[in-house]
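**Student:** quick one, fold the following:
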Amino acid sequence: MFNRAVSRLSRKRPPSDIHDSDGSSSSGHQNPKSAAKWAASLENLLEDPEGVKRFREFLKKEFSEENVLFWLACEDFKKTQDKKQMQEKAKEIYMTFLSSKASSQVNVEGQSRLSETILEEPHPLMFQKLQDQIFNLMKYDSYSRFLKSDLFLKHKRTEEEDEDPPDAQTAAKRASRIYNT
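**Tutor:** Next up, the predicted model:
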């Protein structure tokens, strides 16, 4: 259940991105200069579904994908209104990421760990302190490496190449040949 929710969450697009101003769907093309937005801040990266996808790919290679999955699960949890659903999600987050037997345990400070008893009376911000720790871990560790990674740099180069009109590239090559002969 949790993996489906994370999968759905990482595919979600903000309502403003679903349609262009002319009403046509924008899902067929990438947001230009997304790499520049991602490089500006981790927050920008995490707001962009494509950015989350690329960051997850990178973290998977670093064996720390659980950090972004936990962060995403906490974001989803905060939006939960129904008390019973909140209890289920809280237990799932605890069992998946925080329990000593967790399958994808995140690295949080010992005194910040939650006891299982708190799961009985969940509230939207119950994971906030832990989520902030993981966010800072990603921001000051994984994110900076992501920006230097081949995965990110390749995406950035592809965007830059797509941005340059072919005529400009051809003219530049012609000019280069003329002046370098």
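**Student:** next one: Val106 from Phe97, what distance?
**Tutor:** 5 Å (CB to CB, to the nearest Å). In short, each C-beta sits where N, CA and C put it, glycine included.
**Student:** which of these two has more residues huddled nearby?
**Tutor:** Phe97 (24 against 20; other CB atoms under 10 Å).
**Student:** count of neighbours near Glu75?
**Tutor:** With other CB under 10 Å as criterion, Glu75 counts 13.
**Student:** which element is it on?
**Tutor:** For Glu75, the host element (DSSP states H and E) is helix 65-78.
**Student:** now that helix: buried residues?
**Tutor:** For helix 65-78, a neighbour-count test (16 or more other CB atoms under 10 Å) marks 65-74, 76-78 as buried.
**Student:** what about Ala102, how many neighbours?
**Tutor:** Ala102: 15 surrounding residues under other CB under 10 Å.
**Student:** which one is it nearest to, not counting chain neighbours?
**Tutor:** Of all residues not flanking Ala102 in the chain, Thr96 sits nearest, at 5.8 Å (CB to CB, 6 or more residues apart in numbering).
**Student:** show me what the helix holding Glu75 is packed up against.
**Tutor:** Applying 3 or more CB pairs under 8 Å, 6 or more residues apart in numbering; DSSP states H and E, we find helix 65-78 packed against helix 2-11, helix 49-61, helix 83-93, helix 128-137.
**Student:** where among the ones you listed is the average confidence lowest?
**Tutor:** Ranked by mean pLDDT, the helices and strands packed on helix 65-78 end with helix 2-11 at the bottom, a mean of 44.
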